[in-house]
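[1] Pasted the sequence and its predicted model underneath.
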Amino acid sequence: MDANTQAQFRDHLATISSLWSDKLNQHQFDSALIAAGANTFYYDDDQSPPFHANPHFLRWTVAENSEHCLLLLNGNAQPKLLWYCPADYWYLPSSAPDWLLDHFDCESYSTRSDLEQACLQHLTELSRVAYFGITPARYIDLANVELPSTVLQNQLAYARGYKTPFEVTQIAKATAIAVQGHLAAYDCFEAGGSEFEIHLAYQQRTKHVHHDLPYPNIVALNEHSSTLHYQHYDRDPPAKRLSFLIDAGAKKRCYHSDITRSYSANPNDAFADLVSSVDEAQRSLVAQLPDLTDFVEFHERTHLAMAEVLVAQRIVTCSANAAFERQLTDIFYPHGTGHLLGLQTHDIGGHIVGPDGTEGKPPTRFPSLRLVRRIEADLVFTVEPGIYFIPVLLDRVRGHKDINWSLVEQFVPFGGVRIEDNVLVESNGIRNFTRAAFSAA
């Protein structure tokens, strides 16, 4: 880390240290044990998926290669980091990153048994410890170690929504990296590349191997764009290129970005007009955010905006209000408008609506909405409206009098459109990381 990043990280640690101290004291804990976690093998196999560390551990350490490591928050003392660094020749072991040595009391152990024994010894010196982790551990068998209540977990999840300046910087950098990948992917698409070749071009530009990506890239040509989480990469390009949708992000110091762009192969056809209309509506929606306080209201406004696009593009023949009220927008726009973004692509806490840990629920009409909180300063989330031509959903309203079916059938081979930006709510407006990065590229 450079000096500026170190200073931001120091302030970041001070912020979350105060948060954890307050919440632990509120629930009568004097300390917490946070386990980074451990991988499991695939069934009947000796291979495992990529390791994803406990996000609570990551928020303190931003050290992803940390399997089996432990963090002990022990009251007013310096946090104790127990690092697992095996004497191994099958895999290259990791050591505690240099930037952590000034902030934590670091201990390194070459065997799991030594690490566990050291942790057990430290725990005997504490009164009441909250254990955060899903890895089965012998620590929770101790009388003074307990699993945290749902309320405490919700309170911490809610607080994680508010990003520190350090976190904001990392998300902005992750967004800039992803934008470079998007530009490389578009160039490959223009050159006639297959989904697989586009995916490789993205990885090469971002310098991310597959397991570095925050989520598997969605690289969809033509009708594949209508599958919201399309998961394959055709090795050969289609016989005729119609459209391209890419939903792909990047990481910086464990923090994620999440960007989607859509394109028509022909910049002068009706689908290109639809892409432009969704893009313009998305820009307008982001500009409206400072005037709103509730994300559910924002989602409903987004549905109305998509209804207006459907009307303008002659896809529906009724008014925009009628398309919304008759739930036709649900057919063409079946997912949520956005989600919190941070150490997870779909950062936890979107359904926690108050600092006391109160849980909220999405409206019955919009069950897939991942964010139901108030729109407040320091939240980072995505804004991702879209319009799709999904046969399985269109079949539900087949023959509806307010749908221009001849035009819809023309659009089905194009799949759909999604435009997604990463935005930060600031006290005096909205900062759009994605548009800024595209403008600077």
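    Thanks, I have the structure now. Every value quoted in this text rests on a predicted model; they were computed, and no experiment measured them. Residues are numbered from 1 along each chain as shown.
[2] CA only for contacts and neighbour counts going forward, please
    Will do.
[3] quick one, what contacts the nearest residue to Arg112 once chain neighbours are set aside?
    If the residues on either side of it in the chain are set aside, Arg112 comes closest to Tyr84, at 7.1 Å by C-alpha to C-alpha, 6 or more residues apart in numbering. With C-alpha atoms under 8 Å, 6 or more residues apart in numbering as the criterion, the residues that contact Tyr84 are 66-69, 94-95, 108-112, 115.
[4] same check, this time on Ile430
    Applying C-alpha under 8 Å, 6+ apart, one finds that Ile430 lies in contact with 286-287, 289-290, 423-424.
[5] if we can go back for a sec, what remains of the contacts of Tyr84 if I keep only buried residues?
    Neighbour counting with 16 or more other C-alpha atoms under 10 Å marks 66-69, 108-109, 115 as buried within the contacts of Tyr84.
[6] In a markdown table: the residues you listed, plus secondary structure, distance to Asn321 and pLDDT.
    Putting those into a markdown table (DSSP: H, G, I helix; E, B strand; the rest coil; distance: C-alpha to C-alpha, whole Å; pLDDT from 0 to 100) gives the following:
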| residue | secondary structure | distance to Asn321 | pLDDT |
| --- | --- | --- | --- |
| Ser66 | coil | 52 | 95 |
| Glu67 | coil | 52 | 94 |
| His68 | coil | 54 | 95 |
| Cys69 | coil | 54 | 96 |
| Ser108 | strand | 62 | 96 |
| Tyr109 | strand | 63 | 96 |
| Leu115 | helix | 62 | 96 |
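[7] Find me whatever residue is spatially closest to the residue nearest the centre of the chain, sequence neighbours aside.
    Most central residue of the chain, judged by C-alpha distance to the mean C-alpha position with C-alpha atoms, centre = their mean, is Thr345 at 1.2 Å. The shortest distance from Thr345 to any residue other than its chain neighbours is 5.9 Å, reached at His256 (C-alpha to C-alpha, 6+ apart).
[8] so what's the one you found bridging to?
    Here His256 shows beta-bridge partners Lys251, assigned using DSSP bridges.
[9] With Gly429 instead?
    Note on Gly429: beta-bridge partners by DSSP bridges are Glu426.
[10] Hmm, Gln288 and it touching each other?
    No. Shown here, Gly429 and Gln288 do not form a contact pair, counting by C-alpha atoms under 8 Å, at 9.7 Å.
[11] Helices along the protein, start to end?
    All helices of the chain, identified by DSSP state H, fall at 3-26, 55-61, 112-123, 150-160, 165-190, 195-206, 270-288, 295-312, 320-325, 329-332, 391-394, 405-411, 433-440.
[12] For those, give me a markdown table that also has distance to Phe132.
    Listed next are the helices of the chain as a markdown table, based on distance: least, C-alpha to C-alpha, whole Å:
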| stretch | distance to Phe132 |
| --- | --- |
| helix 3-26 | 12 |
| helix 55-61 | 8 |
| helix 112-123 | 14 |
| helix 150-160 | 9 |
| helix 165-190 | 21 |
| helix 195-206 | 33 |
| helix 270-288 | 36 |
| helix 295-312 | 29 |
| helix 320-325 | 43 |
| helix 329-332 | 38 |
| helix 391-394 | 41 |
| helix 405-411 | 49 |
| helix 433-440 | 32 |
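[13] Of all those helices, which one comes closest to Ile246?
    Evaluated with C-alpha to C-alpha, the helices of the chain place helix 165-190 nearest to Ile246, the distance being 7.6 Å.
[14] Which strands and helices lie in contact with that closest one?
    Secondary-structure packing of helix 165-190 (3 or more C-alpha pairs under 8 Å, 6 or more residues apart in numbering; DSSP states H and E): helix 3-26, helix 195-206, strand 243-248, strand 251-252, strand 255-256, strand 259-264, helix 433-440.
[15] Compare the helices of the chain and report which one is nearest to Glu359.
    That would be helix 150-160 among the helices of the chain, by C-alpha to C-alpha, at 7.8 Å.
[16] Okay, angle between the closest one and helix 3-26 too, please.
    160 degrees (axes from the mean of the first three to the mean of the last three C-alpha atoms, to 10 degrees).
[17] Contacts made by helix 150-160 with the rest, please.
    Contacts with helix 150-160, where a contact means C-alpha under 8 Å, 6+ apart, come from 20, 23-24, 27, 348-350, 352-359.
[18] Please produce a ChimeraX select command covering the buried subset of those residues.
    Restricted to buried positions by 16+ other C-alpha under 10 Å, the ChimeraX selection for the contacts of helix 150-160 reads:
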select :20,23,24,348,349,350,352,353,354,357,359
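[19] ok, and the closest non-adjacent residue to Ser319?
    Distance criterion C-alpha to C-alpha, 6+ apart; nearest residue to Ser319, sequence neighbours excluded, is Val311 at 6.7 Å.
[20] Just give the number of residues close to that neighbour.
    Counted with other C-alpha atoms under 10 Å, the neighbours of Val311 add up to 17.
[21] wait, what's in contact with it?
    317-320.
[22] Glu384 versus that one, what's the distance?
    Taken as C-alpha to C-alpha, to the nearest Å, the spacing of Val311 relative to Glu384 amounts to 19 Å.
[23] how long is stretch 88-100 from one end to the other?
    With C-alpha to C-alpha, one end of stretch 88-100 sits 23 Å from the other.
[24] what's next to it, contact-wise?
    Stretch 88-100 is touched from outside by 1, 6, 61, 63, 65-66, 83-87, 106, 108, with contacts defined as C-alpha under 8 Å, 6+ apart.
[25] Repeat that for stretch 409-417.
    Stretch 409-417 has contacts (C-alpha under 8 Å, 6+ apart) with 221-227, 242-243, 245, 261-263, 271, 274-275, 278, 386-391.
[26] if you set the cut-off to 6 Å instead, what comes out?
    For stretch 409-417, the surrounding residues in contact (C-alpha atoms under 6 Å, 6 or more residues apart in numbering) are 222-226, 242-243, 262, 386-389.
[27] Flag every buried residue along that stretch.
    Taking 16+ other C-alpha under 10 Å as the basis for neighbour counts, the residues of stretch 409-417 that come out buried are 411-417.
[28] what's the closest of those to Asp395?
    Using C-alpha to C-alpha as the measure, the one of the buried residues of stretch 409-417 that approaches Asp395 most closely is Val412, at 12.2 Å.
[29] What score does that closest one have for pLDDT?
    For Val412, the model assigns a pLDDT of 98.
[30] how much space between it and Phe389?
    Counting by C-alpha to C-alpha, the gap between Val412 and Phe389 amounts to 5 Å.
[31] can you check Glu223 too?
    When Glu223 is compared with Phe389 (using C-alpha to C-alpha), they lie 8 Å apart.
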